[in-house]
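A.B. asks: Here is the input, now give the coordinates:
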Amino acid sequence: MSYNEYIAIEGAIGVGKTTLARMLSEELKASLLLEVFEENPFLSDFYADRARYAFQTQIFFLISRYHQQSRVIPQTLTRERLVSDYLFDKDRLFAHLNLANDELAMYERVHKILGEQIPTPDLVVFLRASTDVLMDRIAMRDRPYERNMARDYIDSLRRAYNEFFSSYASAPVLTIDTNDLDFVRSDEDRAYVMGLVRAALEKGSIQQALPELKEQAPPTGIRILKGGRRRLGDFQRFHRALDQEKGFGSDLGMNFAGLTEEVGEVGREVKLALIEAERLAEKTGNYQEALDRAIDGRRDLLSEEMADVLAYLLKLANYTGIDLEAAYVRKMGLNWQRDFDARLHDLQEEA
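C.D. replies: Numbering: from 1, shown residues only. As a prediction, the model looks like this:
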């Protein structure tokens, strides 16, 4: 069965998300999912009085986007590629821009529950533009409820998008500066953007599927099972789905105990491999060859125990609210800059 990619287009109001989504769906022969925002009954009131209507507007958008994406995305991806002109995660960006205090806390609780059910894109295309360019494009399309949109609001939204995607790690992101691009009127610009997207999709590797879950598992879990481009965060989401399906406990202490037990099992397999290597080395006289043969003999058991270690680590990351991939990248970035020779010298001096 072929793997069908899910591509989401994002960016501030007026940057050209829907236009590019339509073009990509034609180029890639993909289904198209467009955000339905005109039906929000609070939208025009919100633009007139943001403080008064922010919460109603935001909650309506959240639930509407959830109902649309949780239904359409999993069904479509069983048949064909999908291009959407919005990312479910971006809803929080608007919430943090427009809500505060108890309203924001209530929104966060609802978003956390709903967000777990939404499949993750294989690629997010983030379109950027300056505030002046955004204002010009908004004026050009002349939507009635956008005519009184404040420049300060668009500028704050632009900066919020830049900040959001500077730390976004749930899916690969292709960032395209559109200030000097006109992919509507210029065939050259359109071909350039299409080439960027195709290249970004081709970078991903196709991975084998994970074990089957029952149909009542969250859609994001079902999506992960089918194979395709995955990152460490996808495995964390899989374990949330697995825990829900199997009723596994989330007690932090018990799962930490499980982790230490599995680390011990890895240690046991390594110990047995070393003992076997010593025995073989006495016969062959070549310790490295003996060690390779001993590890080969226990590789299946080692792989099972290491997989259990990873599983418990992913679960612990879930239960403590840690994005394990982002934490790893951040820590390895620090390690890359660290002078380990100097640190070793300091330890020797302390000793």
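A.B. asks: Could you export the helix or strand containing Leu201 as CSV, keeping only the C-alpha atoms?
C.D. replies: In this assignment (DSSP states H and E), Leu201 forms part of helix 187-203. C-alpha atoms of helix 187-203 as CSV (Å, rounded to 0.1, in the frame of the first residue of the first chain):
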residue,chain,number,x,y,z
ASP,A,187,5.2,30.9,-13.8
GLU,A,188,8.8,31.1,-12.8
ASP,A,189,8.0,31.8,-9.1
ARG,A,190,5.4,29.1,-9.1
ALA,A,191,7.8,26.5,-10.5
TYR,A,192,10.4,27.6,-7.9
VAL,A,193,8.0,27.1,-5.0
MET,A,194,6.7,23.8,-6.3
GLY,A,195,10.3,22.6,-6.7
LEU,A,196,11.0,23.5,-3.0
VAL,A,197,8.0,21.5,-1.8
ARG,A,198,8.8,18.5,-3.9
ALA,A,199,12.5,18.5,-2.8
ALA,A,200,11.3,18.8,0.9
LEU,A,201,9.0,15.8,0.5
GLU,A,202,11.7,13.7,-1.2
LYS,A,203,14.0,14.2,1.8
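A.B. asks: got the contact list for that helix?
C.D. replies: Applying C-beta atoms under 8 Å, 6 or more residues apart in numbering, the contact partners of helix 187-203 are 5, 7, 20, 23-24, 27-28, 122-123, 125, 172, 174, 176, 181-184. (C-beta placed from N, C-alpha, C; glycine too.)
A.B. asks: Just the buried residues of that helix, please?
C.D. replies: By 16 or more other C-beta atoms under 10 Å, the buried positions in helix 187-203 come out as Arg190, Val193, Met194, Val197, Ala200, Leu201.
A.B. asks: same check, this time on stretch 254-265
C.D. replies: Buried, per 16+ other C-beta under 10 Å, within stretch 254-265: Asn255, Gly258, Leu259, Glu262, Val263, Glu265.
A.B. asks: about what we covered before: list only those of the contacts of helix 187-203 flagged as buried.
C.D. replies: 5, 7, 20, 23-24, 27-28, 122-123, 125, 172, 174, 176, 181, 183.
A.B. asks: Those in helices, which ones?
C.D. replies: Leu20, Met23, Leu24, Glu27 (DSSP state H).
A.B. asks: between those, which is closest to Asn318?
C.D. replies: Taking C-beta to C-beta as the measure, Asn318 lies nearest Leu24 of these, at 32.9 Å.
A.B. asks: From Gly247, how far out is the closest one?
C.D. replies: According to C-beta to C-beta, to the nearest Å, Leu24 and Gly247 sit 41 Å apart.
A.B. asks: Find the residue closest to Ser130 in space, skipping its chain neighbours.
C.D. replies: Closest residue to Ser130 apart from its sequence neighbours, by C-beta to C-beta, 6 or more residues apart in numbering: Asn179 at 5.7 Å.
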